[in-house]
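Asker: sequence and computational prediction follow.
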2 protein chains.
Amino acid sequence: MPKQVDYETRRRHIAEAVCDLIDRHGPEGATLRDVAQQAGVSMGAVQRCFATKDEMLAFALHHITERITAQGQEEIDASAAKESAVTLLTATLRTLTLIEPHQRRDARILAAFTAHATAIPSLAEILRQAHAKTRDLLVWLIRYGQRTGEFRDDLDADLEAETLLPLVEGLTSLALLGHRPTVPAHDTLTRRIDGLLMQPSRPSRPASSTAST
Amino acid sequence: MPKQVDYETRRRHIAEAVCDLIDRHGPEGATLRDVAQQAGVSMGAVQRCFATKDEMLAFALHHITERITAQGQEEIDASAAKESAVTLLTATLRTLTLIEPHQRRDARILAAFTAHATAIPSLAEILRQAHAKTRDLLVWLIRYGQRTGEFRDDLDADLEAETLLPLVEGLTSLALLGHRPTVPAHDTLTRRIDGLLMQPSRPSRPASSTAST
DNA sequence: GTTGATACGATGCAACCGCATCAAAATGCT
DNA sequence: AGCATTTTGATGCGGTTGCATCGTATCAAC
């Protein structure tokens, strides 16, 4: 029998190369040749891993969305018992918002795939699942906070999550474009979380919609 | 002197063709040949209007952002005196969210350009200006509502607008991907606006309070 | 009517795309 | 060791891309 190769790890390796190229040269930068070179393998190797380019892109998208959601989930699993729900939710939202410099790569990649998914339903499906997973995570966090007594128990976790999700998405998109907000994105998230609290923490800012659902 | 052509209207005509193609065939669909054919002109005509393809894309982006922002602004200018601030803000947010079927085109086009702007700073600048304009519009609407006594006067309009803007952006993006929210996007917006009201209509549960689909 | 600057549209061109092909190298089983 | 078989990396191919070129058609100015 011939050489044994672990296709799964190689696929992930190539997926990382795809992400690198999309990050550096935009959505158009991920050509088969460049991907192969970036991954340090031959073009043939890429072709054997993925039957077609779209399949490669789909795998790369699935790869990165799993990496991001797992990142958020791990953070919680590791500290759910020790940290307060407020701290957890804050950290999770900040992680998901992808505004830190080291997250710019992920933000760019997701933006590229979002645009591409417009024309390729299979990619859209992957993104839908990722968003659904994120929303479920937020729902769990809010309910957790309600169990610990930190969050108002008259809140509908589903409703809140369905607001937080687009808020996070929008903040990511705006930050990616270099939007200069009059108030830092972190504060926007903080104010939003304050609205969930049982006893609003009298925000440092003069105004805030504490009563806003 | 040769034949006189109105380059400005022709540019707009071509820009519309660009938008059509991006809408129908994704970000990659706007090749010079296809654009020319879609616009019903020759390739040479397109090249004479725009020195380079990037210049064409930049013009098309500027064209569509102006169309969208103007659409929101007009709606207000036409009815600012007659309508309540709540109605105006609601209508404006819904218009900007681009979730109606007939707005899907604009949503798709903006998503494509957002991804592309990742690699082309000049496009990013155009989008930044568009978002800044939108934010200013929201600030004006909130202050208007405060003047009419509809909105709480302890609100910081800048802060609220800086939340509404990413919320709208995120809702657009999610809707474009076919995200199936547990609560309609319209209700999410409505609940957010309720938080601005002097006397909230129904704080927690939406239960289809004000108009909604 | 002549002129000449300009718009026009087709065509050429070099580069690149995704994908198919294939001889040669590499490897694990017998 | 010998062999069968997969992996490999390069090359070919048809098609498309953005951009440049060029002869022709057009129309204002004289």
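Answerer: That came through fine. If you're wondering where the values come from, they're calculated on a predicted model, not measured in any experiment.
Asker: least trustworthy helix or strand in chain A by mean pLDDT?
Answerer: Least confident helix or strand, chain A: helix A:53-79 with a mean of 89, by mean pLDDT, DSSP states H and E.
Asker: quick check: what element follows that helix along the chain?
Answerer: From helix A:53-79 onward toward the C-terminus, using DSSP states H and E, the following helix or strand is helix A:85-97.
Asker: one step back: and the least confident helix or strand of chain A, how far out from the chain's middle?
Answerer: Centre-to-centre, helix A:53-79 and its host chain are 8 Å apart (Cα atoms, centre = their mean, to the nearest Å).
Asker: quick one: the helix or strand where residue A:134 lies to helix A:53-79, angle?
Answerer: Assessed by DSSP H and E, residue A:134 sits inside helix A:121-147. If you take axes from the mean of the first three to the mean of the last three Cα atoms, to 10 degrees, helix A:121-147 sits at 10 degrees to helix A:53-79.
Asker: and helix A:121-147, does that touch chain B?
Answerer: Yes. For helix A:121-147, a contact with chain B is found by Cβ under 8 Å from any Cβ of the partner chain, at A:124, A:127, A:128, A:131, A:132, A:135. For the C-beta atoms, the positions are set from N, CA and C on the backbone; glycine is no exception.
Asker: how many neighbours does the residue in chain A positioned nearest to DNA strand D have?
Answerer: As assessed by Cβ to the nearest atom of the strand, DNA strand D sits closest to residue A:44 within chain A, at 2.2 Å. Neighbour count for residue A:44, taken as other Cβ atoms under 10 Å in any protein chain shown: 9.
Asker: against which helices or strands is the helix or strand harbouring it packed?
Answerer: In this structure, residue A:44 is located in helix A:43-49 according to DSSP H and E. In terms of contacts (3 or more Cβ pairs under 8 Å, 6 or more residues apart in numbering or on different chains; DSSP states H and E), helix A:43-49 is packed against helix A:7-25, helix A:32-39.
Asker: domains of chain A?
Answerer: Following automatic domain parsing, chain A resolves into domains at A:1-50, A:60-213.
Asker: looking at those domains, which is buried most?
Answerer: domain A:60-213 (a mean of 19; mean count of other Cβ atoms under 10 Å in any protein chain shown).
Asker: the helix holding residue A:134 close to DNA strand C?
Answerer: No. If you take Cβ under 7 Å from any atom of the strand as the test, helix A:121-147 misses DNA strand C, and the best it gets is 13.4 Å.
Asker: could you say what helices and strands the next helix or strand after that helix packs with?
Answerer: Reading on from helix A:121-147 to the C-terminus, the next helix or strand found by DSSP H and E is helix A:157-176. In terms of contacts (3+ Cβ pairs under 8 Å, 6+ apart), helix A:157-176 is packed against helix A:85-97, helix A:104-117, helix A:121-147, helix A:185-194, helix B:157-176, helix B:185-194.
Asker: low pLDDT regions in chain A?
Answerer: Low-confidence segments of chain A (pLDDT under 70): A:1-4, A:80-81, A:200-213.
Asker: redo that, cut-off 80
Answerer: Residues of chain A meeting the criterion pLDDT under 80: A:1-7, A:72, A:75, A:78-82, A:199-213.
Asker: isn't residue A:63 up against residue A:15?
Answerer: Yes. Counting by Cβ atoms under 8 Å, residue A:63 touches residue A:15, with 4.1 Å between them.
Asker: for the residue nearest to residue A:124 when sequence neighbours are not counted, what are its contacts?
Answerer: Distances taken as Cβ to Cβ, 6 or more residues apart in numbering or on different chains put residue A:117 closest to residue A:124, at 4.1 Å, once the chain neighbours are dropped. Contacts for residue A:117 (Cβ atoms under 8 Å, 6 or more residues apart in numbering or on different chains) come out as A:61, A:123, A:124, A:126, A:127, B:177.
Asker: go on, residue A:95?
Answerer: Listed by Cβ under 8 Å, 6+ apart, the contact set of residue A:95 reads A:71, A:72, A:75.
Asker: again, only using 6 Å
Answerer: Residues near residue A:95 by Cβ atoms under 6 Å, 6 or more residues apart in numbering or on different chains: residue A:72.
Asker: related to what we said a few turns ago, how about the contacts of residue A:117, which pair is most distant?
Answerer: The distance between the two most remote of the contacts of residue A:117 (Cβ to Cβ) is 11.8 Å, for A:61 and B:177.
Asker: picking up where we left off before, format the helices and strands packed on helix A:157-176 as CSV; extra columns: distance to residue A:162.
Answerer: Listed next are the helices and strands packed on helix A:157-176 as CSV, based on distance: least, Cβ to Cβ, whole Å:
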stretch, distance to residue A:162
helix A:85-97, 14
helix A:104-117, 19
helix A:121-147, 7
helix A:185-194, 13
helix B:157-176, 9
helix B:185-194, 6
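Asker: in this structure residue A:146 contacts residue A:153, no?
Answerer: Yes. Using Cβ atoms under 6 Å, residue A:146 makes contact with residue A:153 at a distance of 5.1 Å.
Asker: quick one: residue A:85 from DNA strand C, how far?
Answerer: Applying Cβ to the nearest atom of the strand, to the nearest Å, the value for residue A:85 to DNA strand C is 45 Å.
Asker: for that residue, give me its contacts.
Answerer: Residue A:85 is in contact with A:144, A:145, A:148, A:150, counting by Cβ under 6 Å, 6+ apart.
Asker: list the contacts for the third one?
Answerer: Right, residue A:148. residue A:85.
Asker: cool, and the first one?
Answerer: By Cβ under 6 Å, 6+ apart, the residues touching residue A:144 are residue A:85.
Asker: so residue A:172 makes contact with residue A:94?
Answerer: No. Between residue A:172 and residue A:94 there is no contact under Cβ under 6 Å: 11.1 Å.
Asker: contacting residues around stretch A:162-170?
Answerer: Here stretch A:162-170 makes contact (Cβ under 6 Å, 6+ apart) with A:96-97, A:135, A:138, B:166-167, B:169-171, B:173-174, B:181-183, B:188.
Asker: looking at these, spot the one nearest DNA strand C.
Answerer: residue B:173 (24.8 Å).
Asker: who touches the closest one in this structure?
Answerer: Contacts here follow Cβ under 6 Å, 6+ apart; on that basis residue B:173 touches residue A:169.
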